[in-house]
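>>> Give me coordinates for this.
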Amino acid sequence: MVQVAAALLFAIAAGIGVMVIVAMIKNNEDAILSALLGDGAFPVGAAPQPGPAPRKMTLRHAPARRDTPLTVRAATRMSPALSRAA
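Predicted coordinates:
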């Protein structure tokens, strides 16, 4: 009886898995087919081109921040992690 229940649960799980795969293919068939054909994520014309950038961009330096938090020292004495009795 337990084997029959386990086989039934396995069949239901396999059916749900197949339904999920079919639903994914139905929703994204163009992307899946282009990936299987080797086109990739970008069409050839819109793909990023290798090589240097056409213009050089310089970044501006940010002004120095004056509101940086100061380090605060602990007022209590730190005790060792292990006592001498250990």
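>>> for the lengthiest helix in the chain, what is the average pLDDT?
For the chain, the longest helix by residue count, based on DSSP state H, is helix 2-27. Helix 2-27 shows a mean pLDDT of 94.
>>> And the next helix or strand past that helix?
Next along the chain after helix 2-27, taking DSSP states H and E as the criterion, comes helix 29-37.
>>> ok, back up a step: buried set for the longest helix of the chain?
Buried positions in helix 2-27, judged by neighbour count with 16 or more other C-beta atoms under 10 Å: none. For glycine as for every other residue, the C-beta is placed from the backbone atoms N, C-alpha and C.
>>> quick one: it to helix 29-37, angle?
Angular relation of helix 2-27 and helix 29-37 on a 0 to 180 degree scale: 100 degrees, by axes from the mean of the first three to the mean of the last three C-alpha atoms, to 10 degrees.
>>> Could you shift the numbering so residue one becomes 13, and keep it that way?
Let's use 13 as the start, then, which means that last one is helix 14-39.
>>> From Pro62, how far out is Ser46?
When C-beta to C-beta, to the nearest Å is the yardstick, Ser46 and Pro62 sit 21 Å from each other.
>>> more neighbours, the two?
The residue with more neighbours, out of Ser46 and Pro62, is Ser46; 15 against 5, by other C-beta atoms under 10 Å.
>>> Which pLDDT does the model give that one?
78.
>>> Could you check how far it is from Asn40?
For Ser46, the distance to Asn40 (C-beta to C-beta) stands at 10 Å.
>>> What of Ala18?
Counting by C-beta to C-beta, the gap from Ala18 to Asn40 is 33 Å.
>>> cool, and Thr70?
From Thr70 across to Asn40, the span is 41 Å (C-beta to C-beta).
>>> which of these two has more neighbours?
A side-by-side neighbour count of Thr70 and Asn40, using other C-beta under 10 Å, places Asn40 first with 12 against 5.
>>> burial count for Arg72?
As a burial measure, Arg72 scores 5 neighbours (other C-beta under 10 Å).
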